[in-house]
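A.B. asks: Got a predicted model here, sequence first, then my questions.
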Amino acid sequence: RPQSLYRWDREGGAFALWQTFGEGVRTVVERGAGSIQEELFCLPNCVFPGTVPTLRGGTSFHYFSHQGEHYLALAQSVCGWSDDRQACVASLSQPRSAVFQWDRHRGAFGELLALPDHEAKLLRGYPLPGHELGMHSKALRLSAGRASSFAFVPTEGGG
């Protein structure tokens with residue numbers, strides 16, 4: 001089932017659908033899962049072993065920005081909120097959580113861009129044209145266990 005992102009509509013006084021993460025935004029089983037766990041994880045709609053064609057088990061979205069780019073982290077878990085953590089993690093393989101980046105050309109969050117605007121400006125002196133942004137995008141999936149939320153913490157050094 002697709003995961004949906006809503007935003008507050010001030011005029012309507014209610015949340016409105018903003019973006020749906022459907023087919024093509026894959027979920028991958030956590031690292032270290034055995035072959036049987038991989039198969040059980042993706043049934044009944046396996047794309048590859050341990051991979052399903054849509055997001056699974058979204059528990060929360062967390063927006064953050066860094067160096068002028070906008071990101072959305074999706075915590076994922078197949079455990080219910082009231083499930084015993086140890087029992088659930090022991091019996092079910094967890095999905096890797098996902099990080100998405102805003103694609104100004106598409107006007108939507110998608111996989112991470114290979115050359116974000118701030119880096120393109122450093123290398124070329126100008127941002128990439130919109131139609132080139134997603135040409136080399138890559139999925140970032142994190143083995144975070146039974147994730148219920150994320151927090152962005154910038155560190156010293158690096159870009």
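C.D. replies: Structure's in. What do you need? Remember, predicted model here, so these are calculated numbers, not experimental data.
A.B. asks: Residue nearest the middle of this protein, spatially speaking?
C.D. replies: Central residue of the chain (Cα atoms, centre = their mean): residue 98, 2.6 Å from the mean position.
A.B. asks: Correct me if wrong, but that residue is in a strand.
C.D. replies: Yes: assignment of residue 98 by DSSP: H, G, I helix; E, B strand; the rest coil places it within a strand.
A.B. asks: helix or strand for the residue nearest to residue 33 when sequence neighbours are not counted, which one?
C.D. replies: Excluding its sequence neighbours, the residue lying closest to residue 33 (Cβ to Cβ, 6 or more residues apart in numbering) is residue 93, at 4.3 Å. Bear in mind the C-beta positions are built from the backbone N, C-alpha and C, glycine included. Assigned by DSSP states H and E, residue 93 belongs to no helix or strand.
A.B. asks: Just the pLDDT at residue 159, thanks.
C.D. replies: Residue 159 is assigned a predicted lDDT (pLDDT) of 54.
A.B. asks: May I have the lowest-mean-pLDDT helix or strand in the chain exported as CSV, CA atoms only?
C.D. replies: Sorting the helices and strands of the chain by mean pLDDT, DSSP states H and E puts helix 85-91 at the bottom, at a mean of 75. Presented in CSV, the C-alpha positions along helix 85-91 are these (Å, rounded to 0.1, in the frame of the first residue of the first chain):
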residue,chain,number,x,y,z
ARG,A,85,9.8,-4.6,20.9
GLN,A,86,12.1,-7.6,21.5
ALA,A,87,9.5,-10.2,20.5
CYS,A,88,8.7,-8.3,17.3
VAL,A,89,12.3,-7.7,16.2
ALA,A,90,13.1,-11.3,17.0
SER,A,91,10.2,-12.7,14.8
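A.B. asks: element containing residue 154?
C.D. replies: Going by DSSP H and E, residue 154 is not in any helix or strand.
A.B. asks: which ones are touching it?
C.D. replies: Listed by Cβ atoms under 8 Å, 6 or more residues apart in numbering, the contact set of residue 154 reads residue 66.
A.B. asks: just to revisit the earlier point, chain neighbours aside, what residue packs nearest to the residue nearest to the centre of the chain?
C.D. replies: residue 74 (4.6 Å).
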